[in-house]
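Here is a sequence together with a model predicted from it:
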Amino acid sequence: MRIVRHSLQHTSARDDNWRLLLWSVAMKLSISVVGTGRMGSALARALLRSGYRTTVWNRTKQKAEPLAALGATVAGSVLEAVNAAEIIIVNVSDYQASAILRDDAVASAIRGKLIVELTSGTPHGAREAAEWFAAQGATYLDGAIMATPDFIGTDAGTILISGPRQAFNANEEMFRALGGNVQHVGGEPGRANALDSALLALMWGALFGTLHAIAVCQAEEIDLGELGRQWTALAPVIDGLVADLIKRTNAGRFASDDETLSSISPHYGAFQHLLELMEARKIDRSVVDSYDAIFQRAIAAGHLHDDFAALSQFLGSPDKRSLRSGPREGSLLAG
Ligand code: NAP
């Protein structure tokens, strides 16, 4: 800070842009990034590009060193990184690795600081961490990064953040540096991780579905380029079905009506063709057999002619109200 102030006094009056940049660096908070793997490095680079004074720490120091060339200070220990900044962003492989912050010496240094945990984890892990950091007198935000490292620092970079809204609002400028679509999704600390798992379930549904489509095409000697072309045409139809399924389930509209796009019956009929083909071609059926079990539970309960959304009642939760509404905003943490 002293160096920056000194520079401010000695820059040429004509060089207004340079003075402005130095001033903005001087005014910005210091941030430490703990964990500089692929994602942590991208986060640190985005902060450095936006002029934040950034300290980095990584268990394997060599992985943090390239960031020094971009202006980061490489800390020799987690404690040093914590002491160097007001905000500590954590991005390691999992919450077990994040326990490096729960060391006794570190614990006493984090009082009054803001911890932003961007490591992927479970809602339960986030709630537990929020409690622990609150007990140390630190503020805790938990985030889920919905992007690959190349999206970090771009307008399309999406990160979901949960925890006290005040702490998010007060640091919105820093979050904007990490991505143009960083959103506060609720005061309850587990919410970002819960949404992360929900959205990844959707993604894996599509990816595993693609694996099945590839296996069917290969067995039937259909060029995968053809599959790619047909997928492009089908994608908007599937997007519409997904949006409709979410909307109808949210409204509890399970009986078929004038707006039903497709009831369970034609889905189940077409699904039998897929099962038969996979059986004949000896394609692994373990995933689709699970789909079949859900179809069968719903049909046995009399829902064959209901909207496809009726299947959402057959995924195993005995308490549909808790499944549909989940913990209310702010119910577990004062946001
Ligand atoms: P990565 O490149 O494998 O980096 C993992 C980081 O965790 C490294 O810095 C590693 O340190 C550190 N680490 C692992 N165990 C540790 C321990 N016991 N103590 C201290 N540090 C430890 O993984 P990544 O892609 O950056 O992912 C990091 C997090 O971001 C994960 O939670 C991941 O799910 C999440 N994320 C990643 C992406 C993505 O596209 N990459 C997207 C969304 C979310 P060393 O270098 O010493 O091994």
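Here it is on my side, so go on. Numbers count the residues shown, from 1 in each chain.

Does the ligand have contacts with stretch 150-159?
No - legend: contact between stretch 150-159 and the ligand by Cβ under 6 Å from any ligand atom is lacking; minimum distance shown is 8.6 Å. Bear in mind the C-beta positions are built from the backbone N, C-alpha and C, glycine included.

For that stretch, give the mean pLDDT please.
Mean per-residue pLDDT for stretch 150-159: 97.

With adjacent residues omitted, what lies nearest to the closest residue to the ligand within the stretch 151-300 of the chain?
Nearest to the ligand in the stretch 151-300 of the chain, going by Cβ to the nearest ligand atom, is residue 196, at a distance of 8.2 Å. Excluding the flanking residues, the one nearest residue 196 by Cβ to Cβ, 6 or more residues apart in numbering is residue 144, at 3.5 Å.

With residue 273 as the reference, measure out to the one you found.
37 Å (Cβ to Cβ, to the nearest Å).

How is the residue lying closest to residue 226 once chain neighbours are set aside assigned, secondary-structure-wise?
Once flanking residues are discounted, residue 226 sits nearest to residue 217: 7.4 Å by Cβ to Cβ, 6+ apart. In terms of secondary structure, residue 217 is helix; the call rests on DSSP: H, G, I helix; E, B strand; the rest coil.

what residues are up against residue 217?
For residue 217, the contacting residues are 223-224, 226-227, by Cβ atoms under 8 Å, 6 or more residues apart in numbering.

Inside helices: which ones of the residues you listed?
Those of those mapping onto helices are 224, 226-227, per DSSP state H.

Turn the buried ones among those into a named PyMOL selection, would you?
In PyMOL, this line selects whichever of the ones in helices among the contacts of residue 217 come out buried by 16 or more other Cβ atoms under 10 Å:
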select buried, resi 227
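
May I have the residues that are in contact with the residue of the chain found nearest the ligand?
Per Cβ to the nearest ligand atom, residue 37 is where the chain lies closest to the ligand, at 1.9 Å. Contacts here follow Cβ under 8 Å, 6+ apart; on that basis residue 37 touches 58, 63, 91-93.

Take these and lay them out in CSV including pLDDT.
As requested, those are exported to CSV (pLDDT from 0 to 100):
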residue, pLDDT
58, 98
63, 95
91, 98
92, 98
93, 97
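
Can you select the buried ones from the residues you listed in ChimeraX?
Buried subset of the contacts of residue 37, written as a ChimeraX selection, criterion 16+ other Cβ under 10 Å:
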select :58,63,91,92
